[in-house]
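with the input below, show me the fold.
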Amino acid sequence: MSDEPPHNRIPVELLCEIFSCVTFLDSLSLTTYPFHVPASHRAPLLLTKVCSQWRDIVFNTPTLWSSLAIDMERVIDSEPKRRFYRFWLDRAWGTPVSLYIFDVRRSDAALLKNNADWIDFLLDHAPNIKNILTGPHVFNALLQALHDKPDYRNSRFMIGGHLEGISCVLNGIDNLDYSFHGQTSTLFPKLRQVDISSSSYTGFGDLQIHKLTHLSANFGLLEVLRINHPTLTFHKLVELYLYPSTPTRYRNELDEFTLFVFPELRFLKIFDSTEGLPDTRRTLAHFECPQLDTLQIENLNPMMRLNRVDRLHTTGDFEFLAEFLKRSSTSRQGTKRGIKYFVTRHRDFLDAAFFNHPTIRSNIEFVQVNITTQHTTRDRYGMQRDDFDTPMLSTPGQAWNSHDYALAGAKNPAFARAEAQKQLFADTWKAHNLDVMFNTGTTKACVGWSRIRNRTVGKSFIKEWEAAFWDKGPYVECIEQSKGAEMVPY
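Numbering: from 1, shown residues only. Below you'll find the predicted structure:
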């Protein structure tokens with residue numbers, strides 16, 4: 001029998017796969033996911049402390065070091081921190097790198113413009129940058145440097161020549177120079193993932209839409225792109241996130257749009273917090289998405305009172321969605337297919353007219369209307385008020401059961417009243433042959449149906465395609481699981 005420790009007999013290739021999984025899992029709980037914030041108690045640095053063999057494997061596996069969150073102010077003014085970042089990035093040499101570059105304060109933005117050392121640092125130690133997520137000041141300084149100094153564009157590293165993904169929120173910044181923002185196709189010829197999630201920014205009007213696979217922008221940018229592309233077909237786009245735009249002139253011009261064609265689009269998410277869904281109606285009327293898998297409509301203010309069930313039954317007009325489903329359920333080859341998932345947090349969809357619409361019922365396999373609920377209680381002075389935080393039905397890590405509820409309700413009358421309101425809400429919608437779920441640890445409720453095997457209402461939908469590099473879905477799911485809460489049917 002060999003005296004060699006068991007972990008030393010594991011093949012190197014298998015160890016590399018294990019280390020990759022551990023590094024990924026360690027990043028799941030970070031707010032910077034999917035970018036690593038280096039720490040000695042997290043992989044990959046933690047793995048180097050086990051033994052010399054593991055240390056050698058980790059140091060010689062570039063993919064373990066291919067993601068990093070960088071504090072740019074520390075790069076500029078702290079030599080020890082710069083040495084640490086250099087150590088990390090040198091381990092990733094030869095593999096594409098994804099960077100989250102923390103933005104500088106507005107008062108320090110001049111440091112980026114007057115000090116080019118930070119760009120030289122990136123050129124020297126991260127020559128093959130694949131994705132960058134950053135703030136407006138770093139992003140603007142990077143664009144300006146690439147525009148003003150051809151040496152950066154023509155260097156053997158070509159920081160812009162490798163870049164495939166950009167994510168930056170350019171909103172409410174008045175002191176940025178946007179004059180060079182219309183040259184993205186020149187500065188970043190390989191760009192295919194773009195996140196400029198802003199209600200007013202439309203500066204990337206020269207995007208090469210035939211290369212894009214993921215786009216997050218406002219409605220106004222589509223109008224700008226249409227000017228440069230009379231026949232607007234996004235041949236490769238897989239994911240699209242759309243925000244409402246300001247100024248309002250873009251929203252008014254949406255009625256004049258020609259048909260936008262997305263032959264490969266799988267995921268469409270529309271942010272529309274307005275009652276009546278004006279942006280959603282206007283958008284879907286001009287979209288053709290024959291391969292669409294998931295339609296998601298997001299409302300950032302979805303509060304709903306549980307005790308006001310009389311207001312939940314309206315007679316909304318959902319023909320706009322039915323017409324969109326008819327167009328999207330038939331491909332150009334005549335193949336019939338429906339949308340797999342429809343998920344929304346917009347309260348307008350908590351409507352019997354929506355749930356009972358025959359076209360919607362027959363063309364969507366999974367419908368989930370998420371709401372954040374309120375319940376009515378009385379304070380110690382006898383005054384009625386709306387609580388946004390219902391009592392927790394379980395202790396984190398422990399399952400909820402009826403016995404626990406009975407004990408809690410006996411001790412806390414407010415708990416019992418909240419539970420009664422939940423049950424009334426659930427009975428109202430179960431009468432329409434719908435599933436109703438409540439989260440035991442939060443105020444989230446779900447109403448809908450599922451015809452997908454092993455996929456109940458309340459569970460996150462699964463993306464069966466490449467997600468955007470900025471997608472934080474796995475992080476959100478990890479945080480939800482760490483709370484020990486679960487969805488309970490009513």
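
how far is the helix or strand where residue 447 lies from where the chain is centred?
With elements taken from DSSP states H and E, the one containing residue 447 is strand 444-450. Centre-to-centre, strand 444-450 and its host chain are 20 Å apart (C-alpha atoms, centre = their mean, to the nearest Å).

try stretch 66-75
22 Å.

now swap in stretch 47-54 and tell me
Per C-alpha atoms, centre = their mean, the centroid offset for stretch 47-54 relative to its chain is 35 Å.

end-to-end on that stretch?
Start-to-end span of stretch 47-54 (C-alpha to C-alpha, to the nearest Å) is 7 Å.

can you check stretch 437-446 too?
5 Å.

and if you look at stretch 346-353?
Stretch 346-353: ends 15 Å apart by C-alpha to C-alpha.

thinking again about what came up before, residues contacting the strand holding residue 447, please?
Strand 444-450 is contacted by residues 306, 350, 355, 365-373, 422, 425, 429, 433-439, 456-458, 487 when judged by C-beta atoms under 8 Å, 6 or more residues apart in numbering. Heads up, the C-betas are built off the backbone N, CA and C, glycines and all.

from the residues you listed, which would you call buried?
306, 350, 355, 366-373, 422, 425, 429, 434-439, 456-458, 487 (16 or more other C-beta atoms under 10 Å).

so of these, which ones are in helices?
Among the buried ones among the contacts of strand 444-450, the members falling in helices (DSSP state H) are 355, 422, 425, 429.

residue 462: which of the residues you listed is nearest?
residue 355 (23.3 Å; C-beta to C-beta).

how close does the closest one get to residue 219?
28 Å (C-beta to C-beta, to the nearest Å).

same check on residue 419?
42 Å.

the more surrounded of these two?
residue 219 (24 against 19; other C-beta atoms under 10 Å).

tally of neighbours for residue 430?
Other residues close to residue 430 by other C-beta under 10 Å number 14.

equivalent analysis for residue 134, please.
22.

quick check: phi and psi on the nearest residue to residue 23 once chain neighbours are set aside?
Nearest residue to residue 23, sequence neighbours excluded (C-beta to C-beta, 6 or more residues apart in numbering): residue 43, at 4.3 Å. Dihedral pair for residue 43: phi -70, psi 150, per degrees, to the nearest 10.

quick check, pLDDT for residue 43.
Residue 43 is assigned 88 on the pLDDT scale.

tell me which stretches of the stretch 1-150 of the chain form strands.
Along the stretch 1-150 of the chain, counting by DSSP state E, counting those that start in this stretch, strands occupy 67-71, 97-102, 129-134.

redo those as JSON lines? Include distance to residue 259 and mean pLDDT.
Shown next, in JSON lines, are the strands of the stretch 1-150 of the chain (distance: least, C-beta to C-beta, whole Å; pLDDT from 0 to 100):
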{"stretch": "strand 67-71", "distance to residue 259": "39", "mean pLDDT": "89"}
{"stretch": "strand 97-102", "distance to residue 259": "35", "mean pLDDT": "89"}
{"stretch": "strand 129-134", "distance to residue 259": "31", "mean pLDDT": "89"}
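
could I get the ones you listed as JSON lines with distance to residue 322?
Listed next are the strands of the stretch 1-150 of the chain as JSON lines, based on distance: least, C-beta to C-beta, whole Å:
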{"stretch": "strand 67-71", "distance to residue 322": "43"}
{"stretch": "strand 97-102", "distance to residue 322": "41"}
{"stretch": "strand 129-134", "distance to residue 322": "38"}
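
show me the contacts for residue 168.
Residue 168 touches 133-136, 139, 195-196, counting by C-beta under 8 Å, 6+ apart.

ends of stretch 456-465, how far apart?
21 Å.

identify the residues contacting that stretch?
By C-beta under 8 Å, 6+ apart, stretch 456-465 touches 238-239, 266-267, 293-294, 340-341, 343, 366, 368, 435, 437, 439, 446-450, 455, 473, 477, 487.

residue 142 and residue 101, how far apart?
9 Å.

find residues that contact each of these two.
With C-beta under 8 Å, 6+ apart as the test, residue 142 and residue 101 both reach 132, 134.

any weak-confidence spans in the stretch 1-150 of the chain?
Along the stretch 1-150 of the chain, segments meeting pLDDT under 70 span 1-5, 7-8, 105-111, 113-116, 149-150.

for ChimeraX, write the select line for the buried members of the contacts of stretch 456-465.
Selection of buried members from the contacts of stretch 456-465 for ChimeraX, criterion 16+ other C-beta under 10 Å:
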select :238,239,266,267,293,294,340,341,343,366,368,435,437,439,446,447,448,449,450,455,487
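
out of the contacts of residue 168, which is nearest to residue 50?
For the contacts of residue 168, the nearest to residue 50 is residue 133 (31.0 Å; C-beta to C-beta).

who's in contact with the closest one?
35, 98-101, 166-168, 195, 469-470.

quick check: it vs residue 33, distance?
11 Å.

same question for residue 267.
Taking C-beta to C-beta, one finds residue 267 at 19 Å from residue 33.

and residue 74, by the same measure?
Residue 74 is 21 Å from residue 33, by C-beta to C-beta.

looking at the two, which one has more neighbours?
residue 33 (23 against 15).

about what we covered before: the residue nearest to residue 23 contacts residue 20, correct?
No. In this structure residue 43 lies outside contact range of residue 20 using C-beta atoms under 8 Å: 9.1 Å.

looking at the two, which one has more neighbours?
Set residue 43 next to residue 20 and count neighbours by other C-beta under 10 Å: residue 43 wins out with 20 against 15.

what sits against that one?
Residues in contact with residue 43, defined by C-beta under 8 Å, 6+ apart, are 19, 22-23, 26, 64.

show me the helices in the stretch 201-350 of the chain, by range?
219-228, 249-253, 278-284, 319-328 (DSSP state H, counting those that start in this stretch).

which of those helices has the lowest average pLDDT?
Among the helices of the stretch 201-350 of the chain, helix 249-253 scores lowest, with a mean of 46.

just the contacts of residue 133 now: which is nearest residue 232?
Closest to residue 232, out of all of the contacts of residue 133 and judged by C-beta to C-beta, is residue 195, at 19.6 Å.

tell me the bridge partners for that closest one.
residue 167, residue 216 (DSSP bridges).

any common contacting residues for residue 43 and residue 20?
Joint contacts of residue 43 and residue 20 (C-beta under 8 Å, 6+ apart) are residue 64.

pairing partners for the strand holding residue 447, with directions?
Sheet pairing of strand 444-450 (DSSP bridges) gives strand 364-378 (antiparallel), strand 435-439 (antiparallel).

what's the closest of those to residue 126?
strand 364-378 (39.1 Å).

which residues of the stretch 201-350 of the chain fall in strands?
214-218, 239-243, 260-261, 267-271, 287-288, 294-298, 303-305, 339-344.

helices or strands next to the first one in the packing?
So the one you mean is strand 214-218. When contacts are defined as 3 or more C-beta pairs under 8 Å, 6 or more residues apart in numbering; DSSP states H and E, strand 214-218 packs onto strand 193-195, strand 239-243.
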